[in-house]
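Peer 1: Below are the sequence and a predicted model for it; my questions follow.
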Amino acid sequence: MKTIILLLTAYLLGSIASGVWIGQFFFKKDIRQFGSGNTGTTNTFRVLGTKAGVVVLLMDILKGTLATLLPTIFHLENVNPLWFGCMAILGHTFPIFLRFKGGKAVATSAGMVLAYNPLFFFYSAVFFLIMLYLTSMVSLSSMLTAIFFTLSTIVLPYVAPAILPEHNWLLTAIALAVTIFIFYRHKDNIKRIKDGTENKVPFGLNHKKK
């Protein structure tokens, strides 16, 4: 029973609609009605500005981190904490508070990894920042990082065990599922990337190129 309650708690944590609630409460705007219409960090930056975007990014990461730490906080043994992180990801992508229409799960997934293995989190974050610098596109950087992360869950235990000591099949399975979902949710972005019309951030080598 305790496990079920904590899993539901993890889902509810993931369901916290950070971008939508901050937009409505502080800016009197529903970010779903502006920009890309997405509820996540990138659209928050675009619609509400840098400060709101940073807050939403940190909150979305924290959701995944706190959810993954629930079994540790409540002394629940013999349960893989990644199941709780997975529930937070489900909550973020299918939030009960927004009629199951949520975000793309990137930041919340990162929060899960931060709780599970901080070094692996920073390793992946560095790759994301490098990709962002090279492409100036959050969408493309997110998709490339998702692929890189999934492959790393398999390869790192053999080539860099200091970062990821052992292979965890559940981590790989979640990473693969999240990668597929991220690509699916970025289908419009992929079309714009092909057309050369994708939104770019004011950062990196590619942000001034048309």
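Peer 2: Nice, I can see it. Numbering: from 1, shown residues only.
Peer 1: And the helix ranked longest in the chain, what's buried?
Peer 2: Longest helix in the chain by number of residues (criterion: DSSP state H): helix 50-73. Under the neighbour-count criterion of 16 or more other Cβ atoms under 10 Å, helix 50-73 has 52-53, 55-57, 59-71 buried. From N, CA and C alone the C-beta is placed, and that goes for glycine too.
Peer 1: what bits of this protein have low per-residue confidence?
Peer 2: For the chain, applying pLDDT under 70 flags the ranges 208-210.
Peer 1: And it, split by domain according to the record?
Peer 2: 1-105, 117-210 (automatic domain parsing).
Peer 1: Can you tell me which of those is most buried?
Peer 2: domain 1-105 (a mean of 19; mean count of other Cβ atoms under 10 Å).
Peer 1: start to end distance for it?
Peer 2: 27 Å (Cα to Cα, to the nearest Å).
Peer 1: Pull the distance from it to the chain's centre.
Peer 2: How far domain 1-105 lies from its chain's middle: 9 Å, per Cα atoms, centre = their mean, to the nearest Å.
Peer 1: Can you verify my assumption that Lys200 contacts His207?
Peer 2: Yes. Between Lys200 and His207 there is a contact under Cβ atoms under 8 Å: 4.8 Å.
Peer 1: Spit out the residues that contact the two alike.
Peer 2: Shared contacts of Lys200 and His207, defined by Cβ atoms under 8 Å, 6 or more residues apart in numbering, are found at Ser136.
Peer 1: show me what contacts Leu176?
Peer 2: Thr150.
Peer 1: Extract the C-alpha set from the host helix or strand of it and format it as CSV.
Peer 2: Using DSSP states H and E, Leu176 sits in helix 169-185. Extracted C-alpha coordinates of helix 169-185, given in CSV (Å, rounded to 0.1, in the frame of the first residue of the first chain):
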residue,chain,number,x,y,z
TRP,A,169,17.8,-2.4,-17.7
LEU,A,170,15.0,-0.2,-16.4
LEU,A,171,17.0,3.0,-17.0
THR,A,172,17.7,1.9,-20.6
ALA,A,173,14.0,1.0,-21.1
ILE,A,174,12.8,4.3,-19.7
ALA,A,175,15.4,6.2,-21.7
LEU,A,176,14.3,4.5,-24.9
ALA,A,177,10.6,5.1,-24.2
VAL,A,178,11.3,8.8,-23.4
THR,A,179,13.4,9.1,-26.5
ILE,A,180,10.6,7.8,-28.7
PHE,A,181,8.1,10.0,-27.0
ILE,A,182,10.3,13.1,-27.3
PHE,A,183,10.7,12.5,-31.1
TYR,A,184,6.9,12.0,-31.4
ARG,A,185,6.2,15.2,-29.5
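Peer 1: quick one: the closest residue to Leu132 other than its chain neighbours and Phe127, what's the gap?
Peer 2: Nearest residue to Leu132, sequence neighbours excluded (Cβ to Cβ, 6 or more residues apart in numbering): Ser141, at 4.4 Å. Per Cβ to Cβ, to the nearest Å, Ser141 is found 9 Å from Phe127.
Peer 1: What segments of this protein are helices?
Peer 2: Under DSSP H, the chain gives helices at 2-15, 18-26, 41-48, 50-73, 82-93, 106-116, 118-135, 138-159, 169-185, 187-195.
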